[in-house]
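K.L.:
Need a 3D model of the following:
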Amino acid sequence: MYKQISLALVFLSLFLTSTVAANDLSWAGCGITKHAFMNEMADAFEKKTGLKIRLSGGGATKGIRSASAGTTDLGGSCRLWLILPDGSTHSQEVNARLIHVGWDALVPITSTSNPVENISLEEIKNILNGELKSWTDMGWKDSGKIILCIREGKESGVGFMARKLIFNDPDYKFKGRSLFFKSTNSLEAKVENSSRSFGLSGVSSAKRRDVKILSIDGIYPGKENIASGKFPLFRPLFITASKTKSRPEVEMFIDFIRGSDGQKIISNQGTINLEEGKTLHLLWNKKYPKLRLQ
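P.N.:
You can find the predicted model right below:
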């Protein structure tokens with residue numbers, strides 16, 4: 001009798017476990033979004049609903065394309081869809097919904113041992129184009145050449161948005177001699193450990209690393225300067241989901257992250273939420289009418 005009861009309890013436990021697991025959500029995406037709020041957001045969502053969100057990385061492109069294909073329930077992206085020359089959306093991204101949830105900024109970074117504090121937008125362009133090659137020209141005497149660190153490919157969140165925000169051309173080819181990195185994490189690690197390095201990253205990630213974030217034209221990318229639009233390289237952050245394979249649990253999470261609890265988490269992590277960034281919304285739609293945010 002006791003054996004039968006024990007077996008029944010085991011089967012019930014397995015059934016409940018599998019039922020909960022079946023309702024759990026999967027998420028993949030950019031390290032910027034993950035560092036900005038997703039770790040804390042997933043914990044808060046689980047406490048409120050009992051649903052786990054399994055987080056993995058892979059970059060912004062994976063965040064969009066895995067959601068588009070339905071291979072993950074959710075994703076995160078710090079760039080928009082890739083638009084082809086004929087005006088259509090990239091075939092691997094066409095079924096992705098991009099749900100705007102907050103704001104980030106692209107920031108120039110170098111080592112904390114580098115004495116340079118400020119850089120102009122024109123100097124950033126010249127470094128990326130290989131026209132400015134030495135820190136000596138930036139006021140650091142006897143320092144040697146700039147080690148330019150770049151995200152691999154034009155489709156990464158940082159790579160795509162750097163080209164768009166700095167050169168207004170997502171296909172722009174940087175001409176400077178560079179070291180290439182497959183992830184933001186590896187790029188930031190290089191910058192941490194090389195005094196002559198220079199790279200671009202998202203402020204939501206960079207501020208959690210031991211790197212120096214430079215001002216641009218005298219404007220430091222603090223939260224207030226980004227939210228007001230004074231800092232020039234602001235960009236939207238997105239949660240991604242499928243247009244065709246949505247589940248009720250996915251919509252629950254979207255409602256949560258865009259609701260008061262989720263938006264408070266984003267702000268508390270030092271990232272700009274939708275209300276704090278309402279000025280940026282207007283500025284973005286005016287500056288990039290072809291990339292309008294809803």
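K.L.:
Tell me the confidence at residue 150?
P.N.:
For residue 150, the pLDDT comes out at 95.
K.L.:
now do the one 5 residues further on
P.N.:
With respect to pLDDT, residue 155 scores 92.
K.L.:
can you check the one 3 residues further on too?
P.N.:
If you check residue 158, the pLDDT there is 94.
K.L.:
pretty sure it is touching residue 200, no?
P.N.:
Yes: using CB atoms under 8 Å, residue 158 makes contact with residue 200 at a distance of 5.8 Å. Placement of C-beta: from N, CA and C, glycine included.
K.L.:
Quickly list what's touching both of these two.
P.N.:
Here residue 158 and residue 200 have 106, 151 as joint contacts, going by CB atoms under 8 Å, 6 or more residues apart in numbering.
K.L.:
just to confirm, which helix or strand has residue 201 in it?
P.N.:
Assigned by DSSP states H and E, residue 201 falls within strand 197-202.
K.L.:
ok, now residue 80?
P.N.:
Judged by DSSP H and E, residue 80 forms part of no helix or strand.
K.L.:
Find me whatever residue is spatially closest to it, sequence neighbours aside.
P.N.:
residue 291 (5.6 Å; CB to CB, 6 or more residues apart in numbering).
K.L.:
contacting residues for the one you found?
P.N.:
Residue 291 touches 80, 164, 284, counting by CB under 8 Å, 6+ apart.
K.L.:
Kindly reformat those as TSV containing distance to residue 268, neighbour count and pLDDT.
P.N.:
Compiled in TSV, the contacts of residue 291 are given as follows (distance: CB to CB, whole Å; neighbours: other CB atoms under 10 Å; pLDDT from 0 to 100):
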residue	distance to residue 268	neighbour count	pLDDT
80	26	25	92
164	29	20	94
284	23	20	95
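K.L.:
Helices along this protein, start to end?
P.N.:
Per DSSP state H, the chain carries helices over the ranges 2-23, 31-33, 39-49, 60-69, 121-128, 157-167, 184-192, 203-206, 223-228, 248-258, 260-268, 278-287.
K.L.:
domains for this protein, by residue range?
P.N.:
Per automatic domain parsing, the structural domains of the chain span 2-104+235-291, 105-228.
K.L.:
For the strand holding residue 201, what is the distance to the chain centroid?
P.N.:
14 Å (CA atoms, centre = their mean, to the nearest Å).
K.L.:
Now do it and helix 60-69, the angle between them.
P.N.:
30 degrees (axes from the mean of the first three to the mean of the last three CA atoms, to 10 degrees).
K.L.:
Quick check: can you name the pairing partners of strand 197-202 and their directions?
P.N.:
Strand 197-202 sits in its sheet next to strand 96-110 (antiparallel), strand 147-151 (parallel), going by DSSP bridges.
K.L.:
any idea which of these is most buried?
P.N.:
Across the strands paired with strand 197-202, averaging neighbours per residue (mean count of other CB atoms under 10 Å) puts strand 96-110 on top, at a mean of 24.
K.L.:
No further queries at this time; thank you.
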